[in-house]
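K.L.:
sequence plus predicted model, see below.
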Amino acid sequence: MSIEHADFEGVERLAAVTGGEIASTFDHPELVALGECDLIEEILIGEDKLIRFSGCKSGAACSVVLRGASAHLLDEAERSLHDALCVLSQTVRETRTIPGGGCAEVAMAQAIDAHVASTPGKKALAMESFARALRQLPTIIADNGGYDSSELITRLRAAHAAGKTTYGLDMANGGIADMKELGIREAFKSKLQVLVSAAEAAEMIIRVDDIIKCAPRERG
């Protein structure tokens, strides 16, 4: 069997999934490892003909087919899939996870609020603003789910104050629940990067004393 117009990137992926080696010549085929798969078939997706390899030996790679009504939807789906794969790859390297559903943000805001009363000066105002910004994340989650964010966030804060530190937003039922029991987790490294980036952006804005703006050009 031969494949016409096969690009080298596709050949590399094919070698990875079948367990074979790429040979530049046919002089010594006995020295090259041959790949294996159970089924090779030509399929039609939309108006494009593709060759599908099923039951590959190693399974080190796979193809994901995205379909959508427009190019805009396809771009959004591709970006979402890319972000999910990036988070997954980082989670494999850094296996620590934290409860999701806004649980971590409310816990961090509660820890900051506990130190505000004993902090003198303008630092206390900055700490209050940072805690308020952290609570905006679960608020956005509730708003995006179509629920009353004020009701849910106050209930979530009360639950954390009562010692239920693993509670978060349950968007399936429109309430709060134990994220550990529901199995809702977030990657620790991803959450850490979000916090660090947000803090750095806020510091950069604070450092700007004034904005220089050119006067508008006079129009005759």
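P.N.:
Yep, that arrived. Numbers count the residues shown, from 1 in each chain.

K.L.:
assign Ile43 to helix, strand or coil.
P.N.:
strand (DSSP: H, G, I helix; E, B strand; the rest coil).

K.L.:
pairing partners for it in the sheet, please.
P.N.:
Under the criterion DSSP bridges, Ile43 forms beta bridges with Leu50.

K.L.:
what's the distance between the closest residue to Ile51 other than its chain neighbours and Arg52?
P.N.:
Nearest non-adjacent residue to Ile51, counting by CB to CB, 6 or more residues apart in numbering: Glu42, 5.6 Å away. Bear in mind the C-beta positions are built from the backbone N, C-alpha and C, glycine included. According to CB to CB, to the nearest Å, Glu42 and Arg52 sit 8 Å apart.

K.L.:
the more surrounded of these two?
P.N.:
Arg52 (13 against 8; other CB atoms under 10 Å).

K.L.:
is it true that the more buried one touches Asp38?
P.N.:
No - judged on CB atoms under 8 Å, Arg52 makes no contact with Asp38 at a distance of 11.2 Å.

K.L.:
what do these two both touch?
P.N.:
Applying CB atoms under 8 Å, 6 or more residues apart in numbering, one finds that no residue jointly contacts Arg52 and Asp38.

K.L.:
give me the neighbour count for Glu47.
P.N.:
Using other CB under 10 Å, the number of residues around Glu47 comes to 5.

K.L.:
ok, Gly102 next?
P.N.:
Neighbours around Gly102, by other CB under 10 Å: 28.

K.L.:
that one reaches Ile141, doesn't it?
P.N.:
Yes - Gly102 is within contact range of Ile141, at 5.5 Å (criterion: CB under 8 Å).

K.L.:
between those two, which contacts overlap?
P.N.:
Leu169.

K.L.:
would you map the strands across the protein?
P.N.:
39-45, 48-54, 97-99, 167-170, 175-178, 185-187 (DSSP state E).

K.L.:
so how far is the second one from its chain's centroid?
P.N.:
Which is strand 48-54. 29 Å (CA atoms, centre = their mean, to the nearest Å).

K.L.:
for it, which outside residues touch it?
P.N.:
Residues contacting strand 48-54 (CB under 8 Å, 6+ apart): Ile3, Leu14, Val17, Thr18, Cys37, Asp38, Leu39, Ile40, Glu41, Glu42, Ile43, Leu44.

K.L.:
quick one: those as a markdown table, columns for distance to Ala114 too.
P.N.:
What follows is the contacts of strand 48-54, written out as a markdown table (distance: CB to CB, whole Å):
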| residue | distance to Ala114 |
| --- | --- |
| Ile3 | 64 |
| Leu14 | 57 |
| Val17 | 53 |
| Thr18 | 58 |
| Cys37 | 59 |
| Asp38 | 60 |
| Leu39 | 61 |
| Ile40 | 63 |
| Glu41 | 62 |
| Glu42 | 64 |
| Ile43 | 59 |
| Leu44 | 62 |
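
K.L.:
please indicate which of these are buried?
P.N.:
Leu14, Val17, Thr18, Cys37 (16 or more other CB atoms under 10 Å).

K.L.:
tell me where the model's unsure across the protein.
P.N.:
1, 59-60, 209-213, 220 (pLDDT under 70).

K.L.:
and Val32, how many neighbours?
P.N.:
14.

K.L.:
in this structure it contacts Thr25, no?
P.N.:
No - using CB under 8 Å, Val32 is not in contact with Thr25; the gap is 9.7 Å.

K.L.:
list the residues that contact both of these two?
P.N.:
By CB under 8 Å, 6+ apart, no residue touches both Val32 and Thr25.
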